[in-house]
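# kindly return the folded structure for what I paste below:
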Amino acid sequence: MRQPVLAVMSGLTVVVLALGIRAGATHGGTVAGRAPVGVVATPGATGTSASTTVNGAATGTRYGPVQVQITVQDHRITRADAIVYPTQDPRDQEINGFAVPQLDAAVLQAQSAQVDTVSGATFTSEGYLTSLQSALDQARSAGLL
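Presented below is the predicted three-dimensional model:
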């Protein structure tokens, strides 16, 4: 009796982890929760190729979680956004208000996670790049990149 119960519980754990269900992160000073991990949406497009949004795994840092979302179209990253990052105090807001746009722009230019960290925002940069790599891996697995 124990083996079937363990098998079912293990299966449920894998499903929950695969879906990336997590709660309680902040973004922009509001409680937003972490977004699900993986391919999020493939909007239909008429006459053009569709873009697809992919969320990386939320990565814990010393100052809070960081999660990156990329948009892919025609095998290229067309948008990179940190959708969860520390904003709990004015210093977090100052650092990340400067660092996150730089990281977003660097990803678009490099089309990879091979970008430099932002000086003064080491923890955010490292969390960003880890989450970004997660999103890139998922996009590649789905044949988007």
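# what strand or helix carries T78?
Per DSSP states H and E: T78 is located in strand 76-84.
# which element is encountered next along the chain beyond that strand?
helix 90-110.
# for this protein, give me the ranges with low pLDDT.
1-34, 41-48 (pLDDT under 70).
# how about the contacts made by Q111?
76-77 (CB atoms under 8 Å, 6 or more residues apart in numbering). Glycine gets a C-beta too; all of them are placed from N, C-alpha and C.
# the one 5 residues further on too?
Residues touching D116, when contacts are defined by CB under 8 Å, 6+ apart, comprise A106.
# could you rerun that using 10 Å?
102-103, 106, 110, 125, 129 (CB atoms under 10 Å, 6 or more residues apart in numbering).
# R76 now?
Neighbour list for R76: 51, 108, 111, 144-145 [criterion: CB under 10 Å, 6+ apart].
# just L103 next, same as before
Here L103 is in contact with 66, 68, 80-82, 85, 96, 115-118, 121, 124-125, 128-129, 132 (criterion: CB under 10 Å, 6+ apart).
# buried set for stretch 112-126?
113, 115, 117-118, 121, 123-125 (16 or more other CB atoms under 10 Å).
# can you pull out the helices in the chain?
2-19, 90-110, 122-141 (DSSP state H).
# now do the longest one against helix 122-141: the angle between them, please.
I take that to be helix 90-110. 40 degrees (axes from the mean of the first three to the mean of the last three CA atoms, to 10 degrees).
# show me how far helix 90-110 is from its chain's centre.
Distance of helix 90-110 from its chain centroid, counting by CA atoms, centre = their mean, to the nearest Å, is 14 Å.
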